[in-house]
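Asks: sequence-free structure coming up:
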């Protein structure tokens, strides 16, 4: 039975004696029945700079080092910021993110797949303690994969959205991981 609505409940899958796919135990032995301290596994990072060479149609590419927000967002001429990638991505499209540290918070206003190369190499960082790292606005279908998120009020805030989060590491937030 869940606690009254005014309380938070722990959610997720307990991974006894191990970490979920894409992560490894951070340090020391894991006691059976307790959750291990996990960190992103660098071996989970694909050779392709965007994590998957066959990302499909409607893909906007972002590379914080080699990109420019005046570029078309192609693999050959990527954008520089995820903010710009989310602005120009088609509804239902993908924003593919190369290794690097990117500024947050991010505002998602259309259905999109935000896909980082891997959580060990792609970091969203926010110093704004009053906003979530990713805010999803509206009844959208949003997927997040292969990122780490640090700082901010919380990780992801979504009201009424269908949300899928995979291979994502959330740490150092002020209040919550997921608020839906």
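Replies: Nice, I can see it. What you are looking at is a predicted structure, and each value in this text was computed from that prediction instead of being measured. Numbering: from 1, shown residues only.
Asks: where does residue 51 fall, phi/psi-wise?
Replies: Phi and psi for residue 51, reported as degrees, to the nearest 10, are phi 90, psi -30.
Asks: now swap in residue 85 and tell me
Replies: Given degrees, to the nearest 10, the pair of backbone angles that residue 85 has is phi -60, psi -40.
Asks: Would you mark the buried spots in stretch 158-169?
Replies: 158, 161, 163, 165, 167, 168, 169 (16 or more other C-beta atoms under 10 Å). Every C-beta, even on glycine, is put in place using the N, C-alpha and C of the backbone.
Asks: Nearest to residue 106 among those?
Replies: Here the nearest of the buried residues of stretch 158-169 to residue 106, counting by C-beta to C-beta, is residue 158; it sits at 12.0 Å.
Asks: Relative to residue 125, how far out is the closest one?
Replies: For residue 158, the distance to residue 125 under the criterion C-beta to C-beta, to the nearest Å works out to 20 Å.
Asks: again, but for residue 173
Replies: When residue 173 is compared with residue 125 (using C-beta to C-beta), they lie 11 Å apart.
Asks: which neighbours do those two share?
Replies: Shared between the contact lists of residue 173 and residue 125 (criterion: C-beta atoms under 8 Å, 6 or more residues apart in numbering) are residues 149, 150, 151.
Asks: The residue positioned nearest the centre of the chain: what's its closest spatial neighbour, skipping adjacent residues?
Replies: For the chain, the residue nearest the mean C-alpha position is residue 147 (3.9 Å; C-alpha atoms, centre = their mean). Leaving out its chain neighbours, the residue that sits closest to residue 147 by C-beta to C-beta, 6 or more residues apart in numbering is residue 116, at 4.2 Å.
Asks: what about that neighbour, how many residues close to it?
Replies: 29 (other C-beta atoms under 10 Å).
Asks: do the same with residue 44
Replies: As a burial measure, the neighbour count of residue 44 was computed by other C-beta under 10 Å and equals 18.
Asks: And residue 19, by the same measure?
Replies: Residue 19 is surrounded by 18 other residues when neighbours are defined as other C-beta under 10 Å.
Asks: Please, where are all the helices along this structure?
Replies: Secondary structure of the chain, counting by DSSP state H: helices at 82-88.
Asks: sorry, back to before: quick one: residues contacting the residue nearest to the centre of the chain.
Replies: Under the criterion of C-beta under 8 Å, 6+ apart, the contact partners of residue 147 comprise 97, 114, 116, 119, 122, 123, 124, 168, 169.
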